[in-house]
Each structure stands twice: as C-alpha cells, then as structure tokens.
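Trainee: Build me a model:
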Amino acid sequence: MLRSLLPLIFIILPLMAQASPIRIKDLVEFDGVRSNDLVGYGLVVGLNGTGDGLRNSPFTEEMLSNILERLGVNVTGEQFRPKNVAAVLVTASLPPFARAGSPIDVTVSAIGDANSLLGGTLIMTPLNAADGDIYAVAQGTIIAGGASATGDGATVVQGVPTAGVVPSGATVEREVAFDFGGMTSLRLALRTPDFTTAGRIEQAINQNFERVVAVMLDAGTVELNIAATQMPSPAHALGRIENILVEPERRARVVVDQRSGTIVMGEDVRISRVAVSQGNLTLRIQEAPLVSQPNPFAPGETVVVPRTNAAIIDEPGIGLAEVSGGTSLSEVVAGLNALGVAPRDMIDILKSIKASGALHAEFIVR
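Mentor: Predicted coordinates for the structure are as follows:
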C-alpha cells in the first residue's frame, strides 16, 4: 500500500532532458519598469449591522463625523452609534506607465471589530504613495470573499469576510514622474541571478542585433546600451529584445513542504551512493481509570482508581537499503522509491542524506 502512494509525491518533477527556452521578459525585470504601492484610510458604509462597534473603535466615529461635516451635516455633540460603518485600510498597486484616468483594482481590509464587509460601499478614499502624495482615489462596492452568520449559541464563518476587493475601484489622478524615453542605458535585473543565464542573455541580445549592445555586469545584471541598438527609443529596443528566447540555467534544488508531504526535485539533482536504514519507535500510553463506590446507603466515599497501560512499540523498518548513485533524475527517483517508505518518512530520509553530504542539491524546507 505504501508503494502505491510514493509516486504521488513526485508528480511535479520536471522530467525534460533539457530546459525549454524562455523569453527574456519572463527572466528579468527592466530597470525603472516597476509598480508602486499605494495605501489609504477610509470608511465602508451600508453594512447589514456588521460594522465597527463605535465604543471599541473611536477612530471610526471621528472619521464619520468629519465626513458628515464636510458634507454640510453638523453632528457636533450628537450621540450616534451606527452599526453599518467600518474603518478600513485600502491598498493598491500603481502599475508602471499608468496614466491619469486609468482604473486600478484595490483591496479593502477592516481594521476595527467589524464582522463582515459583505455588501458594503467604500466611500471616496485618497491613496498615497511612500512620498506622501496622492496618486489615486478609490470608491465603489466591495466584493467580499467570505460569509459569516451568528446566532445565540453559535457562529459560522467561511472564508475571510473582513477583507474584499473593488475591481477597477480606483482612478489614477497623478502619474509617476519617470523619463523613460530619455534613458541612454538600461539594466536588466535577473529574477534568479546566475552567471550562466546572464551570459546567455548577453549573447542572445548581441546575436540579435549583430553587434555588441549588451554587457553582463554580474550574475544578476545585464546592461543594455540604447544608443548602440540604433533604435528610435528605449521602448522600441525593449520591444525587440523582450521576446528573444534564452535557455536559463537552473540550480539543483529539492523543495519539501512538510505540511502536505510534497517533494519537488529539479532535474539536476544528484545523489551519491549511500545506504539507508529507517524504522519507527512508538510510545503508547492509555488511561483507563476505575471508579470504586460503596453500595447504596452504605458508609464510604466514591474513589477513582487510576489505571495506566504504557508500552513501547518498535516497528520493523526497511532494514539497510542501498541507494546507488544517480546520474539522472529518473534513477534518483527510482532509488528513493525502492525504499518503500511513506512520503513523510521520505522527507526525513532526504534530510539525513543531505546531512551526510550525499545529496548534491540545495535543500529547501517550507
């Protein structure tokens, strides 16, 4: 039965003999072409009695009063306790080259003791960047991803009803000052730094232009000379190189998820010849107390007599099994599967093989 489970842990293994060519745009980030985080503080109204308790969230009452006064409603000295209002933080990402009037999505999260934002409406909320300037304004109906129900004796919550999104809920009001067209050189930052991959990107770009226009600076950076490309603008140059295919070099890695028992191995993983022995030791303790009580109307007291059964069970393991040195991923997988152990025991075996120095790969545990 254990053997039938083992192939399940290797269903994500890349078994291709060679890596497939990847577009440069999927391997690098272009210098200056980045998004900017925005954040704002606002109010959500229209909740069905699931808003903040204003006694516990005084900042909600204060902001609601300020909004009403700006709208011409005088609430000074008034005592109001609405249950359909919640204070929220609004976050968004301003994409590169976003122009004034462009819509962007926003995420809304409650910061008070609101139970749900389902069905609420976000009131006009300015969104600031790290420099303190306002770059967008958000408003709209919230789509919450959960639900909750409360009764006198029980509460049921599914998902996260205190957070939601407003699709295209913000409008860009200010553009990021960035003179992309005036750049004379541009750096390509590799998402996974590697000298071999950077060298291949440099070679592929130079071959495409039939002259030296790109230079590898380090394992994570390739510099592109815009003037040497003889293109009308940096945008034209990037439009030409971003679809060039390059075969990236990958490091040998073994990634383990202990919670789910998943093991992912790259095709370059190698294991030297080792011998493995594995077994299980189980300590079992059972409590079965006895109750001793006197007969009806007889003198005496009820006494609980403890009774414990303790045992140590040494289950037979796999003995001493040899895993021959693997020259390919298929041979490594075949050798590990031949041990006939459960997936979670396989994780412990891989840890021990790595500690012995026989696993020639980066071992990552999540």
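Trainee: only C-alpha atoms for contact and neighbour calcs from this point on.
Mentor: Will do.
Trainee: all strands in the stretch 151-300 of the chain, in order from the N-terminus.
Mentor: Assigned by DSSP state E, counting those that start in this stretch, the stretch 151-300 of the chain shows strands spanning 155-158, 163-172, 185-190, 214-218, 221-225, 245-246, 253-257, 262-265, 270-271, 274-277, 280-287, 290-292.
Trainee: can you tell which of those strands is closest to Asp179?
Mentor: strand 185-190 (12.3 Å; C-alpha to C-alpha).
Trainee: Report the buried residues of that closest one.
Mentor: For strand 185-190, the neighbour count (16 or more other C-alpha atoms under 10 Å) marks 186-190 as buried.
Trainee: what about Val246, how many neighbours?
Mentor: Residues lying near Val246 (other C-alpha atoms under 10 Å) number 22.
Trainee: residues touching it, list them.
Mentor: 21-24, 197, 200-201, 204 (C-alpha atoms under 8 Å, 6 or more residues apart in numbering).
Trainee: again, only using 6 Å
Mentor: For Val246, the contact set (C-alpha atoms under 6 Å, 6 or more residues apart in numbering) comprises 21-22.
Trainee: quick one: it from Leu238, how far?
Mentor: With the distance defined as C-alpha to C-alpha, to the nearest Å, Val246 ends up 15 Å from Leu238.
Trainee: ok, of the strands of the stretch 151-300 of the chain, where does mean pLDDT dip lowest?
Mentor: Sorting the strands of the stretch 151-300 of the chain by mean pLDDT places strand 280-287 lowest, at a mean of 59.
Trainee: want to try TSV for the strands of the stretch 151-300 of the chain, with distance to Asn128 as columns?
Mentor: Shown next, in TSV, are those (distance: least, C-alpha to C-alpha, whole Å):
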stretch	distance to Asn128
strand 155-158	32
strand 163-172	11
strand 185-190	27
strand 214-218	35
strand 221-225	31
strand 245-246	39
strand 253-257	38
strand 262-265	41
strand 270-271	50
strand 274-277	58
strand 280-287	57
strand 290-292	68
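Trainee: what's the closest of those strands to Asp131?
Mentor: strand 163-172 (15.9 Å).
Trainee: residues making contact with the closest one?
Mentor: Contacts of strand 163-172 (C-alpha under 6 Å, 6+ apart): 100-109, 135-140, 142-145.
Trainee: mind listing which of the residues you listed are in strands?
Mentor: Using DSSP state E, the subset of those located in strands is 103-109, 135-140, 143-144.
Trainee: What subset of the contacts of strand 163-172 is buried?
Mentor: Of these, these count as buried by 16+ other C-alpha under 10 Å: 103-109, 135-140, 142-145.
Trainee: The nearest residue to Thr162 once chain neighbours are set aside: what's it in contact with?
Mentor: Leaving aside its sequence neighbours, Thr162 sits nearest to Ser116 (C-alpha to C-alpha, 6 or more residues apart in numbering; 4.7 Å). Contact criterion C-alpha under 6 Å, 6+ apart gives 50, 161-162 as the residues in contact with Ser116.
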